[in-house]
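Student: starting from these lines, generate the structure:
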Amino acid sequence: MGRSILTAILFMTASLFALGQAASPTDAQQDHKDARQDIRDGRQDQRDAMKDRRELKHDRTDLRNDVKSGNMADATKDRADLRQDKRDLKNDRRDLRKDKQEVRHDRKDARVDRRQMRMNGARAGHR
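Tutor: Residues are numbered from 1 along each chain as shown. Next up is the predicted model:
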């Protein structure tokens with residue numbers, strides 16, 4: 001008696017879990033929206049990285065000029081700016097890689113969801 005109740009509970013739990021895993025049209029749409037948002041984020045990260053590269057170039061020029069003129073106070077400030085710009089560029093590159101990975105993951109999820117919807121629709125039609 002106790003074993004059959006446990007088996008029934010496990011069966012119901014597994015059934016509910018399987019029904020919850022079925023793909024719905026909103027799953028694929030949400031994955032597509034997530035991918036588009038990640039692409040926008042990636043483009044912003046690219047723009048930030050380009051801005052940081054320009055700032056790096058400018059700070060290097062300023063540092064070189066300050067060292068040539070013997071202005072060590074400004075050279076120290078420019079060196080700190082240069083380090084900050086390098087950190088910003090590194091962070092932007094890391095964010096860009098992360099966004100690209102998320103786009104690939106979201107697109108893969110959308111493909112899987114669409115495939116599951118087609119398969120579930122084909123099964124429903126054969127019943």
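Student: just checking, what packs against the helix or strand where Gln116 lies?
Tutor: Secondary structure from DSSP states H and E places Gln116 in helix 72-126. Applying 3 or more Cβ pairs under 8 Å, 6 or more residues apart in numbering; DSSP states H and E, one finds that helix 72-126 contacts helix 25-69. Where you see a C-beta, it was placed from the backbone N, CA and C, and this is true even at glycine.
Student: avg pLDDT for the helix it packs on?
Tutor: Averaging pLDDT along helix 25-69 yields 85.
Student: now swap in stretch 89-108 and tell me
Tutor: Mean per-residue pLDDT for stretch 89-108: 87.
Student: which parts of it are buried?
Tutor: 89, 92, 95-96, 99, 102-103, 106 (16 or more other Cβ atoms under 10 Å).
Student: closest to Asp59 out of these?
Tutor: Within the set of these, Leu89 lies nearest Asp59; the separation is 11.4 Å, counting by Cβ to Cβ.
Student: can you pull the contacts of the closest one?
Tutor: 49, 52-53, 56 (Cβ atoms under 8 Å, 6 or more residues apart in numbering).
Student: and what of Asp31?
Tutor: So Asp31 contacts 106-107, 109-110, 113 (Cβ under 8 Å, 6+ apart).
Student: if I look at it, how far off is Leu63?
Tutor: To Leu63, Asp31 is 46 Å away according to Cβ to Cβ, to the nearest Å.
Student: can you give me the pLDDT of Gly125?
Tutor: 55.
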